[in-house]
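>>> With the input below, show me the fold.
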Amino acid sequence: IIYSRLLERTAYTLLVVLNSIPKVALAPLFVIWMGTGPEPKVAIALMLAIFPIVIDCVLGLRSVDPDMLSLARVSKASPWAVLTKIRFPCALPSLFAGMKVGISLALVGAIVGEFVAGNYGIGFQILVAQGQFDTVRVFVSLLLLGIVGAVLFFLVNHAERLLLPWHVSQRLRSDRSGGH
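Okay, here's the model as predicted:
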């Protein structure tokens with residue numbers, strides 16, 4: 001996307017169009033195409049999560065210091081080297097920001113998939129509890145969803161801390177906690 005105007009126009013347009021369609025409306029199609037197993041749930045989760053991840057990743061890939069790119073050009077670095085050694089490391093903070101948003105949306109997508117074609121899972125439990133007017137079960141399911149969402153978010157956050165110890169956001173965190 002960052003190297004091709006045509007790909008940027010087509011891929012971005014496709015992403016915007018897909019993001020604009022309510023996933024609940026697409027869920028029955030995924031069930032028809034993929035069955036009632038985990039595949040439609042994964043597809044819906046992916047459709048919800050991909051938009052912020054791609055948008056933030058492209059933003060990060062484009063946000064490289066122009067002086068670094070000039071230095072790479074003068075040093076005759078290959079496009080692959082520029083991508084892997086300069087652009088991608090600089091994009092990682094943005095990519096992780098997109099993944100933090102995306103992981104929560106993916107959880108919502110999985111629940112939507114369970115609403116439409118689930119025989120098990122938290123989303124299915126919410127539907128069953130709703131049908132039985134079991135308020136306590138609905139609240140317990142929602143509490144579990146909140147816990148799962150928080151755990152997934154903090155797993156991505158932990159991966160970010162492990163993979164980006166050099167980033168300013170991690171240095172500021174360790175300075176506040178008394179570390180160096």
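>>> Now do the contacts for the residue most central in space within the chain.
When CA atoms, centre = their mean is applied to the chain, the residue found nearest the centroid is Gly102 (2.5 Å). When contacts are counted by CB atoms under 8 Å, 6 or more residues apart in numbering, Gly102 touches 48-53. (C-beta placed from N, C-alpha, C; glycine too.)
>>> Just these: which are in strands?
Among the contacts of Gly102, no member falls in strands (DSSP state E).
>>> In CSV: these, plus distance to Thr84 and pLDDT.
Shown next, in CSV, are the contacts of Gly102 (distance: CB to CB, whole Å; pLDDT from 0 to 100):
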residue, distance to Thr84, pLDDT
Leu48, 29, 90
Ala49, 24, 92
Ile50, 22, 91
Phe51, 25, 91
Pro52, 23, 92
Ile53, 19, 94
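>>> Take those and write them to CSV, including neighbour count.
Converted to CSV, the contacts of Gly102 look like this (neighbours: other CB atoms under 10 Å):
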residue, neighbour count
Leu48, 23
Ala49, 22
Ile50, 18
Phe51, 18
Pro52, 19
Ile53, 22
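>>> Out of those residues, list just those in helices.
48-53 (DSSP state H).
>>> What score does Ser174 have for pLDDT?
pLDDT, Ser174: 57.
>>> now swap in Ser94 and tell me
93.
>>> Secondary structure element for it, which one?
Using DSSP states H and E, Ser94 sits in helix 88-117.
>>> Centre of this protein to the edge, which residue is at the far end?
The chain, farthest from centre, CA atoms, centre = their mean: Val74 at 35.3 Å.
>>> show me what contacts Phe153?
Phe153 is in contact with 100, 103-104, counting by CB under 8 Å, 6+ apart.
>>> quick one: the strands in the chain?
Counting by DSSP E, the chain forms no strands at all.
>>> so where is it shaky, pLDDT-wise?
Applying pLDDT under 70 to the chain flags residues 169-180.
>>> which residue ranges form the helices in it?
Under DSSP H, the chain gives helices at 5-20, 23-34, 38-62, 66-74, 79-81, 88-117, 122-131, 135-163, 168-176.
>>> buried ones in the first one?
The reference is to helix 5-20. In terms of neighbour count (16 or more other CB atoms under 10 Å), helix 5-20 has its buried residues at Leu15.
>>> I would like the residues contacting it, please.
With contacts defined as CB under 8 Å, 6+ apart, helix 5-20 is touched by 1-2, 47, 50-51, 54-55.
>>> can we see that at 7 Å?
1, 47, 51, 54 (CB atoms under 7 Å, 6 or more residues apart in numbering).
>>> Could you pull up the residues touching Leu29?
Taking CB under 7 Å, 6+ apart as the definition, Leu29 has no contacts.
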